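>>> A structural model of the following input is requested.
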Amino acid sequence: MILLGLNIDHCATLRQARYREAAATCGGAVEPDPVALALAAERAGADGITVHLREDHRHIQERDVWRLRESIATRLNLEMACTPAMIEFALKLKPDSVCVVPENRQEITTEGGLDVVGLRDRVKGCVEAMNAAGIITSLFIDPDEPQIELSARLGAPWIELHTGAYAEACHTPRRAAEFKRLCVGASLGKEGGLTINAGHGINYVNIAEVRTIPHLHELNIGHSIVSRALFTGIEEAVREMKARMAG
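Numbers count the residues shown, from 1 in each chain. Alright, predicted model coming up:
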């Protein structure tokens, strides 16, 4: 059974559109509350909650993350840049896992995987710090052999394969090639002893094929589920995605 990690960033995006200057992140007139969304999603079967605390704090705020750590009953996965400030925050928070991602202030959402090869020393230090603290580290990478092999050598127990290129190619002739890259990458990672997760651009249509990528442990999905929740409510949106993941 593939696990579902729900990314709730876009709930916070909606809140910040109106209340970014508010003194608090919840209570009073401030809405919607990402923590309330997370708790409802858990009741519907989400296996974990993912948040990306960006350095520019454009959506999720530190207080949101601390409240999640105190409130949720499943697992907290913190997406974070590989920077000293974020490493320090994670070591204080002690989430169940972290997913190290690239971060660009100008991007709308995460674009591409982490360059583990180019940032070897920095990533190595982050992985070692998390391992020492008992926090599971996942590296968000493109399904490329050098990135996968180095991730394993650096001691990261998990990788999250970036499915964005596949999602963008779904209605083009490149779809088959991008899907094959993911399958080959997943098999290579499994051979290297890594736990295989995947995420980015997964929706209620392409999940039918994504779920057949070999060796999947968890999918992290956010935008599509939160979008569906506008029409059905978060609990039905989560239940439907879980059903489609199970086939």
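>>> which residue sits closest to Pro146, ignoring its sequence neighbours?
Val117 (5.4 Å; C-beta to C-beta, 6 or more residues apart in numbering). Glycine gets a C-beta too; all of them are placed from N, C-alpha and C.
>>> Going along the chain, name the strands of the chain.
Counting by DSSP state E, the chain has strands at residues 3-7, 48-52, 76-80, 97-100, 136-141, 158-162, 195-199, 216-221.
>>> tell me the mean pLDDT over the first one?
What that stands for is strand 3-7. Taken as a whole, strand 3-7 carries a mean pLDDT of 98.
>>> just checking, what packs against it?
If contacts are counted by 3 or more C-beta pairs under 8 Å, 6 or more residues apart in numbering; DSSP states H and E, strand 3-7 sits against strand 48-52, strand 195-199, strand 216-221, helix 234-246.
>>> what about it, distance to the chain center?
The chain centre lies 8 Å from the centre of strand 3-7; the measure is C-alpha atoms, centre = their mean, to the nearest Å.
>>> Each with direction, which strands does that strand pair with?
Strand 3-7 pairs in its sheet with strand 48-52 (parallel), strand 216-221 (parallel), by DSSP bridges.
>>> Give me whichever of these is most buried.
strand 48-52 (a mean of 25; mean count of other C-beta atoms under 10 Å).
>>> Nearest the geometric middle of this protein, what residue?
Asn220 (4.8 Å; C-alpha atoms, centre = their mean).
>>> and that residue, bridged to which residues?
Bridge pairing for Asn220 - DSSP bridges - gives Gly5, Gly199.
>>> pLDDT score assigned to it?
98.
>>> Okay, buried residues for stretch 2-21 please.
Within stretch 2-21, the residues scored as buried using 16 or more other C-beta atoms under 10 Å are 2-12, 14-16, 19.
>>> try stretch 173-182
Neighbour count says stretch 173-182 has Arg175, Glu178, Phe179, Arg181, Leu182 buried, by 16+ other C-beta under 10 Å.
>>> next one: stretch 185-195
Gly185, Ala186, Leu188, Gly189, Lys190, Leu194, Thr195.
>>> what would the strands of the chain look like in a markdown table with distance to Glu236?
Formatted as a markdown table, the strands of the chain follow (distance: least, C-beta to C-beta, whole Å):
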| stretch | distance to Glu236 |
| --- | --- |
| strand 3-7 | 13 |
| strand 48-52 | 18 |
| strand 76-80 | 23 |
| strand 97-100 | 27 |
| strand 136-141 | 28 |
| strand 158-162 | 26 |
| strand 195-199 | 21 |
| strand 216-221 | 15 |
